[in-house]
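Asker: sequence and predicted model, in that order:
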Amino acid sequence: MFHFKRFSALPLALALAACATTQTASPPPAPTKASAATGEVMVAAANPLAVEAGLNVLKKGGSAVDAAAAVQAVLGLVEPQSSGLGGGAFMTYYDAATKKVIAYNGRETAPAGATPDMFLQDGKPLSFPAAVTSGKATGVPGAVAMLAMAQAQHGKLAWKDLFGDAERLADDGFVVSPRLAGMIAGPFSQSQTPDAKAYFTKPDGQRYQAGDVLKNPAYAASLRKIAAEGPKAILEGSLAEAIVAKVAQGPLPGTMTLADLKAYRPKAGDAVCGPYRIYVVCVPDAPSSGAALLEALGILANTDIAERGPADPQAWFLFTQASRLMYADRDRYFGDPAFTPVPIEGLLDPAYVAQRAKLIGEVAGPAPAPGTPRGAGALAPDATKEPGGTSHFVVVDAAGNVVSMTTTVESIFGTGRMVGGFFLNNQLTDFSWSPQNADGTQAANAVAPGKRPRSSMAPTIVLDRDGKLVAAIGSPGGNSILAYNLKALVAILDWKMSVEDAFKLPNLVARGDSFASEPDRYAPGVVDALAAKGIVFKGSGGEGSGLHGVKVTPQGLQGGADDRREGVAKGF
């Protein structure tokens, strides 16, 4: 049985099996990359400089949310292709003392002047390069406001003291990493904008390369304003004026006003939580797609995947079929619940989930259609593009409080437009570009003024049936985030793998009739066996994962970072 509820207090009265689990210690880290770690406190993030900033806050007695603000400030500087001050985020927070799980929503909002057809031209969708670099693409940024809200509720240090490391790195310079250098040199429309060219070009006319030192005094100045003023530094005053002016520039200017920025409010509420076997899995509410992840887990709970393992082709077959069913429902029904009801209760109803699981056959058939869960309305097929360009990090503090946060400026370098040393997001391209069908049925994720676009971001926290922390994970990757998180959860919870080994497993993104994966990461014979069942891989799927997470073991916290990126996990 798979019951869910939105809740903040534990323990739950769940009819769950009371069997014990075996947890294994992490293997020692590889000498070339400290991606696995143990300790009583932990930071796992996509850049070592951000991890050190978080650890420095924790060493001063700061909370997990205090450290999260420091981590985000550094990530926005050293990994600007993925997240930043001009973007948005979702955070799932676990309070160890009360055993409460709270979800924070810092998703961007569409300005009051947004229209359902804003990404159409002569009735046809704009090209992605044109849309993504346009003023139309930028939503009101929410990451800083969300962090400030959470820090006011759960912080221990003064807000003004959380940005020192990021300010210093911006003023003195940081070493450009290979991943950032690749994005700077890549064939992306955002890296070719005037702002990006100016920022990433050295005095000698050459682009910054890996190993070069890049300074950003404008970013340091923005951080000093944020440290002194809080989110008002972004949403009001000179930076807000600069954001509005930049969005208003052509081509394809946006409609954002100072009133749109001033009106922004982050949200906080109960996480959406549901059982998976003996665990309780918690994610943010819509417009996050976290509940779709719970649906996929519910489908897999009706299979024997836990009795198998990563060397068993049938395990991966079951994974693909659960993923396809999940994506079919997510793509049809998820949007901003303030505008369109999202039938989460129906999607997670045990009878509905069991019905979906029965659709899994012996071979991969045609793309599954969305189901008709209780509470579902008549909605148009989805036309959301949702490119990747995101980051995830996890923090555990000395009191056992946990932050699992996925943060983004959307596509690589957002719109490629900068103010105050940071890039503006292109988050509004996460809306469906075709708002309705010819018959007039609306898309759940259609653009509307003040609306928050659907997101695949799903920062996850796992508890045991007594409300104690088991694990916290998450990933970037656009639409593929759900597949990446699902893989990690199955590996950690069902197959009892270490965090690092779970992340190293092949990514398999099965959506509709598309199957994408990494053939070289499978055990011998798995790829051929899947092909015999109709699952033939084409491409690797999305931008690649960037999983970061922690798991509780008898030896303490075990952290891990995805070896596909530059992240590390460190603790003490």
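Answerer: Sure thing, it's come through.
Asker: mean confidence score for stretch 464-478?
Answerer: Mean per-residue pLDDT for stretch 464-478: 96.
Asker: check the separation of the first and last residues in it.
Answerer: 29 Å (C-alpha to C-alpha, to the nearest Å).
Asker: got the buried residues for that stretch?
Answerer: Residues 464-465, 467, 469-478 are the ones in stretch 464-478 that count as buried (16 or more other C-beta atoms under 10 Å). All C-beta spots, glycine's among them, are computed from the backbone N, C-alpha and C.
Asker: with stretch 86-101 instead?
Answerer: 86-96, 99-101.
Asker: greatest separation within the residues you listed: which pair is it?
Answerer: G86 and K99 (34.8 Å; C-beta to C-beta).
Asker: ok, now which ones touch V272?
Answerer: Counting by C-beta atoms under 8 Å, 6 or more residues apart in numbering, V272 makes contact with F4, R6, A103, C282, V283, P284, D285, G290, A291, L294, I344.
Asker: who's the closest spatial neighbour of the fifth one, skipping the chain neighbours?
Answerer: The one in question is V283. In space, and not counting its chain neighbours, V283 is closest to G290: 2.6 Å by C-beta to C-beta, 6 or more residues apart in numbering.
Asker: please report how far the one you found lies from A271.
Answerer: Per C-beta to C-beta, to the nearest Å, G290 is found 8 Å from A271.
Asker: mutual contacts of the two, please.
Answerer: V283, P284.
Asker: one step back: can I get the contacts of V272 in a markdown table with secondary structure?
Answerer: Shown next, in a markdown table, are the contacts of V272 (DSSP: H, G, I helix; E, B strand; the rest coil):
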| residue | secondary structure |
| --- | --- |
| F4 | coil |
| R6 | strand |
| A103 | strand |
| C282 | strand |
| V283 | strand |
| P284 | coil |
| D285 | coil |
| G290 | helix |
| A291 | helix |
| L294 | helix |
| I344 | helix |
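Asker: list the contacts of stretch 199-218.
Answerer: Taking C-beta under 8 Å, 6+ apart as the rule, stretch 199-218 contacts 77, 170-178, 180-181, 184-185, 191, 418, 420-421.
Asker: now the end-to-end length of that stretch.
Answerer: Note: stretch 199-218 ends 11 Å apart using C-alpha to C-alpha.
Asker: what does stretch 401-421 give?
Answerer: 32 Å.
Asker: that one: which residues count as buried?
Answerer: So, applying 16+ other C-beta under 10 Å, buried residues of stretch 401-421: 401-421.
Asker: among those residues, which ones are in strands?
Answerer: V402, V403, S404, M405, T406, T407, T408, M418, V419 (DSSP state E).
Asker: Throw those into a markdown table and include distance to G567 and pLDDT, thanks.
Answerer: Output for these, formatted as a markdown table (distance: C-beta to C-beta, whole Å; pLDDT from 0 to 100):
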| residue | distance to G567 | pLDDT |
| --- | --- | --- |
| V402 | 17 | 98 |
| V403 | 15 | 98 |
| S404 | 14 | 98 |
| M405 | 14 | 98 |
| T406 | 13 | 98 |
| T407 | 13 | 98 |
| T408 | 15 | 97 |
| M418 | 25 | 98 |
| V419 | 27 | 98 |
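Asker: want to try CSV for those residues, with distance to Y522 as columns?
Answerer: Below are those laid out as CSV (distance: C-beta to C-beta, whole Å):
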residue, distance to Y522
V402, 32
V403, 33
S404, 28
M405, 31
T406, 27
T407, 31
T408, 29
M418, 42
V419, 45
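Asker: pLDDT below threshold where in the stretch 251-400 of the chain?
Answerer: The stretch 251-400 of the chain contains residues with pLDDT under 70 at 378-388.
Asker: go with 80
Answerer: 377-389 (pLDDT under 80).
Asker: what are the boundaries of the strands in the stretch 301-450 of the chain?
Answerer: Here the stretch 301-450 of the chain has its strands, by DSSP state E, counting those that start in this stretch, at 390-396, 402-408, 418-419, 422-423.
Asker: re earlier: so which of the buried residues of stretch 464-478 belong to strands?
Answerer: Short answer: those in strands (DSSP E) are D464, L469, V470, A471, A472, I473, G474.
Asker: ok, of those, which one's closest to T372?
Answerer: Nearest to T372 among those is G474, at 30.0 Å by C-beta to C-beta.
Asker: the closest one contacts T460, doesn't it?
Answerer: Yes: assessed by C-beta atoms under 8 Å, G474 is found in contact with T460 at 5.7 Å.
Asker: any idea how far G250 is from E108?
Answerer: The value you get for G250 to E108, if C-beta to C-beta is used, is 21 Å.
Asker: more neighbours: which of the two?
Answerer: Between G250 and E108, counting by other C-beta atoms under 10 Å, E108 is the more crowded of the two (29 against 7).
Asker: G560 pairs with what?
Answerer: G560 forms beta bridges with A36, G549, as assigned by DSSP bridges.
Asker: burial count for it?
Answerer: Per other C-beta under 10 Å, the neighbour tally for G560 reads 32.
Asker: same check, this time on the one 4 residues further on
Answerer: Taking other C-beta under 10 Å as the criterion, the count of residues near R564 is 20.
Asker: isn't it up against S545?
Answerer: Yes: taking C-beta under 8 Å as the definition, R564 is a contact partner of S545 at 5.8 Å.
Asker: out of the strands of the stretch 301-450 of the chain, flag the one nearest G39.
Answerer: strand 390-396 (8.7 Å).
Asker: in PDB, list the C-alpha atoms belonging to that closest one.
Answerer: Listed next in PDB are the C-alpha coordinates belonging to strand 390-396 (Å, rounded to 0.1, in the frame of the first residue of the first chain):
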ATOM      1  CA  THR A 390      20.900  23.400 -12.500                       C
ATOM      2  CA  SER A 391      22.800  22.400  -9.300                       C
ATOM      3  CA  HIS A 392      22.000  20.400  -6.200                       C
ATOM      4  CA  PHE A 393      23.600  20.400  -2.700                       C
ATOM      5  CA  VAL A 394      23.000  18.800   0.700                       C
ATOM      6  CA  VAL A 395      24.000  20.100   4.100                       C
ATOM      7  CA  VAL A 396      23.700  18.400   7.500                       C
END
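Asker: tell me how far T303 lies from N105.
Answerer: For T303, the distance to N105 (C-beta to C-beta) stands at 32 Å.
Asker: from the ones in strands among the buried residues of stretch 464-478, pick the one nearest T255.
Answerer: Using C-beta to C-beta, these come closest to T255 at G474, 32.2 Å.
Asker: what's across from the closest one in the sheet?
Answerer: Applying DSSP bridges, one finds that G474 bridges with H548.
Asker: out of the ones in strands among the buried residues of stretch 401-421, who's nearest Q151?
Answerer: V403 (10.3 Å).
Asker: residues contacting that closest one?
Answerer: Going by C-beta under 8 Å, 6+ apart, the list of residues near V403 reads A64, V65, A67, A68, M91, T92, Y93, A150, F393, V394, V395.
Asker: give me that answer again for 6 Å
Answerer: A64, V65, A68, Y93, V395 (C-beta atoms under 6 Å, 6 or more residues apart in numbering).
Asker: select from these every entry located in helices.
Answerer: Of those, the ones assigned to helices by DSSP state H are A64, V65, A68.
Asker: and the residues you listed as TSV, adding neighbour count?
Answerer: Shown next, in TSV, are the ones in helices among the contacts of V403 (neighbours: other C-beta atoms under 10 Å):
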residue	neighbour count
A64	34
V65	29
A68	33
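Asker: would a markdown table of these with pLDDT and distance to V353 be doable?
Answerer: Shown next, in a markdown table, are the ones in helices among the contacts of V403 (pLDDT from 0 to 100; distance: C-beta to C-beta, whole Å):
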| residue | pLDDT | distance to V353 |
| --- | --- | --- |
| A64 | 98 | 32 |
| V65 | 98 | 33 |
| A68 | 98 | 33 |
